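>>> need the 3D shape of this:
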Amino acid sequence: ESGVHRLVRISPFDSNARRHTSFASVWVYPVVDDRINIEVKESDCRIDTYRSSGAGGQHVNKTDSAVRITHMPSGLVVSQQDEKSQHKNKAKAMKVLRARLYDLERAKLDAERSQTRRSQIGTGDRSQRIRTYNFPQGRVTDHRIGLTLHSLDLVLEGRGLDEIIDALITEHQTSLLAAVQEEGHG
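Numbers count the residues shown, from 1 in each chain. Purely as a prediction, here's the structure:
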């Protein structure tokens with residue numbers, strides 16, 4: 001149902017009872033669980049230790065307390081040298097790495113959703129319409145499969161949708177079968 005829907009009706013606000021046409025871009029999207037589980041395996045990371053730099057007295061020159069974690073699959077690098085303890089720096093660095101991987105995954109999902117949305121609704125141009133609801137004639141036309149029904153009231157009530165859905169399913173199955181047959185002969 002994603003795409004451009006066209007509505008033709010007699011305007012109740014026009015004293016000359018002229019036909020008015022409206023368009024709506026519709027995007028149907030799945031319900032997505034936004035909780036992204038970020039698991040970082042130490043086997044996917046290269047962990048380097050080195051001496052901290054900067055202020056801190058002689059301690060920074062004596063111990064390898066700074067930590068650099070390189071996440072090999074993503075190429076992300078996180079360095080941490082705030083604490084005197086290598087273990088605390090490593091824990092902080094892993095926390096930062098998880099947060100950055102979460103942001104990376106989130107951005108990737110957002111980009112995929114955005115691309116899907118753009119491909120489904122298009123520009124909203126009249127030429128991209130998928131269905132027309134013509135009130136003066138009581139007609140619904142699905143332009144993807146060339147189906148016209150003269151039962152607009154039933155469709156709007158939901159009782160006439162089955163006929164449209166069944167025709168769309170049949171058309172989809174027919175096109176899949178034709179593609180499989182063509183692939184088998186090609």
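
>>> following the lowest-mean-pLDDT helix or strand in the chain, which helix or strand comes up?
Lowest by mean pLDDT, DSSP states H and E among the helices and strands of the chain is helix 59-62, with a mean of 56. Counting by DSSP states H and E, the next helix or strand C-terminal to helix 59-62 is strand 66-71.

>>> pairing partners for that following strand, with directions?
Taking DSSP bridges as the criterion, strand 66-71 pairs within the sheet with strand 45-50 (antiparallel), strand 76-80 (antiparallel).

>>> of all the ones you listed, which one comes closest to His20?
strand 76-80 (54.3 Å; CB to CB). C-betas here are computed from N, CA, C, even on glycine.

>>> how far away is the residue most central in space within the chain from Ala107?
Central residue of the chain (CA atoms, centre = their mean): Arg113, 1.5 Å from the mean position. Going from Arg113 to Ala107 by CB to CB, to the nearest Å gives 11 Å.

>>> next, the nearest residue to Leu147 once chain neighbours are set aside: secondary structure please.
Nearest residue to Leu147, sequence neighbours excluded (CB to CB, 6 or more residues apart in numbering): Ala167, at 4.9 Å. Secondary structure, DSSP: H, G, I helix; E, B strand; the rest coil: Ala167 is helix.
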